[in-house]
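*Asks:* Sequence isn't available, so here's the structure alone:
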């Protein structure tokens, strides 16, 4: 219990101390005009209250990530909790903050343009394609998961549920942001927080389970003896750091009413997701007697089955089942639709097609969803593995872009340079070792990852070390 509450306390302290430092280094300005006022269009640029923007941001970035990822990460033992804390404070929240604030300073532009301003046209073009592919993967992953669970619950075929979910995605993608997302998602965000906290309380008072029985032993407990590096840092993405968030923060950058709210919305929502990740990692560690039992439960019923079993046991079958459905059906759907919405906006910016007119939104949305539906017919497990790597690669690029912005403007760049270097090592090690990549031994793959991180670090300083106080930076 001590370890869990210490981790929660560190996350809260991280928001106030380190989050405040990050905000001061960036230099948020409450008197500066924001895109929701200067570019208001009633569709994507819509001013909304800060509490509502925060809850929508939390729901947009959450989905299944801070639930399934920490459950799978719990297989590695209590070290998962430390990664969630350190990752959230020093990497994930910093990443989300700069993705949102640089978009805010660039008139609400999407992540490819934000990265392009800082790293140049080559990275901009790369991000245009890479981010759309990632968003399609996110949308598909967050269709197939709920579709399979709903099929088991109702007996209706999976393709039928996939079609229904895609139909909803389509509406949420083309309608003005305040019609569905702005109206219902704050409620779902509040329910996500309530669900996670209530499960934690019931676990603490339950006589049948001991909170964190492994204590402070940080040994790797994975039942298949899979290495913590780099696998745990890919497995626990949402809840620590996730590149998908860089595609979501610009959505809310278009809705903020004041630049000073950026820390609470972007940095703060990531800390909130970190707390949720801690809760689910703790549930995974404590509900089952050991990692082998947790692994067996995952193998038998998938992480969704683990969620349902925990909810039913701790909260009772009726309430537990409702909360489980909320966790593994509603939450991923509410991230999947914003994934497609982000993809629409990225494509619109790329081809320079204004989106105020509904007809022009349809011109992008219809072929986008057609491609997404075709990809959804593929192997879910393969799609998920590529998503994990692509997700963390996008986070790496966004952090390098933020570091470039800081160093060009004579600001303390280390808050982004260090996590960017770390994530470079993670992503290159992972793709070098995995079968979806090069399938090398972990010893060789880790060497490649470290070498790639060193090369990126050196290249960064060669390219930007002398480019300080660049007054042409769009974010200034």
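*Replies:* Happy to help now that I have it. As the structure is a computational prediction, the values presented were derived from the model and not from experiment.

*Asks:* Name the residues of stretch 340-360 that are buried.
*Replies:* 340-350, 355 (16 or more other CB atoms under 10 Å). Just so you know, the C-beta spots here come from the backbone N, C-alpha and C atoms, and that holds for glycine as well.

*Asks:* nearest to residue 117, of the residues you listed?
*Replies:* Distance to residue 117, by CB to CB, is smallest for residue 349 among those, at 12.4 Å.

*Asks:* Run through the residues that contact residue 92.
*Replies:* Residue 92 makes contact with 239-242, 245, 270, 273-274, 395, according to CB atoms under 8 Å, 6 or more residues apart in numbering.

*Asks:* mind putting the residues you listed in a markdown table, pLDDT included?
*Replies:* A markdown table is the format used below for the contacts of residue 92 (pLDDT from 0 to 100):
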| residue | pLDDT |
| --- | --- |
| 239 | 89 |
| 240 | 95 |
| 241 | 96 |
| 242 | 93 |
| 245 | 94 |
| 270 | 97 |
| 273 | 94 |
| 274 | 95 |
| 395 | 95 |
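
*Asks:* which one of those is nearest residue 62?
*Replies:* Distance to residue 62 across the contacts of residue 92 (CB to CB) is lowest for residue 273, with 5.6 Å.

*Asks:* so which helix or strand takes in that closest one?
*Replies:* Taking DSSP states H and E as the criterion, residue 273 maps to helix 268-287.

*Asks:* what packs against whatever helix or strand comes next after that helix?
*Replies:* Using DSSP H and E, the helix or strand that follows helix 268-287 towards the C-terminus is helix 291-315. On a contact count with 3 or more CB pairs under 8 Å, 6 or more residues apart in numbering; DSSP states H and E, helix 291-315 meets helix 65-73, helix 121-154, helix 181-205, helix 268-287, helix 317-325.

*Asks:* Report the inter-axis angle for helix 291-315 versus helix 121-154.
*Replies:* Angle of helix 291-315 versus helix 121-154, following axes from the mean of the first three to the mean of the last three CA atoms, to 10 degrees, is 60 degrees.

*Asks:* Measure how helix 291-315 sits relative to helix 181-205, angle-wise.
*Replies:* Angle of helix 291-315 versus helix 181-205, following the same axes, to 10 degrees, is 110 degrees.

*Asks:* Now helix 291-315: average pLDDT?
*Replies:* Helix 291-315 shows an average pLDDT of 85 in the prediction.

*Asks:* again, but for stretch 363-371
*Replies:* Mean pLDDT, stretch 363-371: 89.

*Asks:* mind listing what's buried in that stretch?
*Replies:* 363-365, 368-369.

*Asks:* In a markdown table: those, plus distance to residue 92.
*Replies:* Shown next, in a markdown table, are the buried residues of stretch 363-371 (distance: CB to CB, whole Å):
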| residue | distance to residue 92 |
| --- | --- |
| 363 | 35 |
| 364 | 30 |
| 365 | 30 |
| 368 | 27 |
| 369 | 29 |
